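Novice: Fold the following.
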Amino acid sequence: MQIELDRTLSSVNGMPPISPETQAHWYAVHTRPRHEKKVAADLQERGVVTYLPLLAQVRRWSDRRKTIQVPLFPCYAFVHSIFDMRLRLALYGAQGALGFVGPNNQGVPIPDVQIESIRTLLTANVPLTPYPLLKIGQRVRVRGGALDGVEGTLATKGHRQLVVSVESVHASFSISIEGYDIEPA
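Specialist: Prediction:
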């Protein structure tokens, strides 16, 4: 009923009916290394709404320390637009842009709530540390501590578990890895 009302209102205003394909979504743009700021600026000059989440980091040189803004997601920027030919032309005209993130550079819409969560955390100055995306069932390795170098499969039952298997004897055991840093193996 709401969709019919929206279509009626948009056709009354002389605009075509609203469809999911003509709504603006967030898309990730893959950039060349260290070109994120340039791509975001170029796209913004072309009228595209962009978002580049930046993280303040203190860098130390031999003679000084300086706080610099680095991308939270290296080699990526975000755009909010309708996915059409104008957006493609703007993207491929931007120096340092490689394409959209998705199969065949088609771009995969990113839920608004994910971008808003990032904005909220950065605005609240919550300390953030980049962390690799790990999925349940993925092979991982423990970094540091008494278990440094131990590899297994990430599992969870309320808390993080590492399943270590000896496939030749068809046996496995699990240990709790709460408090340990892990990385993809």
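Novice: Helices along this structure, start to end?
Specialist: 2-12, 36-45, 85-93, 112-123 (DSSP state H).
Novice: unless I'm mixing things up, residue 130 is touching residue 71, no?
Specialist: No: using Cβ atoms under 8 Å, residue 130 makes no contact with residue 71, being 9.8 Å away. (C-beta placed from N, C-alpha, C; glycine too.)
Novice: Contacts only, for residue 91.
Specialist: Listed by Cβ atoms under 8 Å, 6 or more residues apart in numbering, the contact set of residue 91 reads 29, 43, 48, 79, 97, 99, 100.
Novice: one more time with 6 Å
Specialist: residue 97 (Cβ atoms under 6 Å, 6 or more residues apart in numbering).
Novice: same deal with the one 3 residues further on?
Specialist: Contacts for residue 94 were tallied using Cβ under 6 Å, 6+ apart; they are 39, 42, 43.
Novice: how much space is there between residue 43 and residue 82?
Specialist: 14 Å (Cβ to Cβ, to the nearest Å).
Novice: of those two, who's got more company?
Specialist: More neighbours surround residue 43 than the other of residue 43 and residue 82, with 24 against 11 (other Cβ atoms under 10 Å).
Novice: Give me the residue at the spatial middle of this protein.
Specialist: residue 73 (6.4 Å; Cα atoms, centre = their mean).
Novice: any idea what sits nearest that residue, other than its immediate chain neighbours?
Specialist: Nearest-residue entry for residue 73: residue 53, 6.8 Å, with adjacent residues in sequence omitted and distances by Cβ to Cβ, 6 or more residues apart in numbering.
Novice: ok, the one you found touching residue 72?
Specialist: Yes: counting by Cβ atoms under 6 Å, a contact exists between residue 53 and residue 72, whose distance comes to 4.1 Å.
Novice: Neighbours of residue 174, how many?
Specialist: Counted with other Cβ under 10 Å, residue 174 comes out at 14.
Novice: The one 4 residues further on too?
Specialist: Residue 178 is flanked by 8 other residues according to other Cβ under 10 Å.
Novice: same thing with residue 107?
Specialist: As a burial measure, residue 107 scores 22 neighbours (other Cβ under 10 Å).
Novice: Starting from residue 38, give me the distance back to it.
Specialist: Counting by Cβ to Cβ, the gap from residue 107 to residue 38 is 20 Å.
Novice: again with residue 147
Specialist: Taken as Cβ to Cβ, the span from residue 147 to residue 38 is 42 Å.
Novice: which residues does the spatially closest residue to residue 75 that is not a sequence neighbour bridge with?
Specialist: Leaving aside its chain neighbours, residue 75 sits nearest to residue 31 (5.4 Å; criterion: Cβ to Cβ, 6+ apart). On the basis of DSSP bridges, residue 31 is bridged to residue 97.
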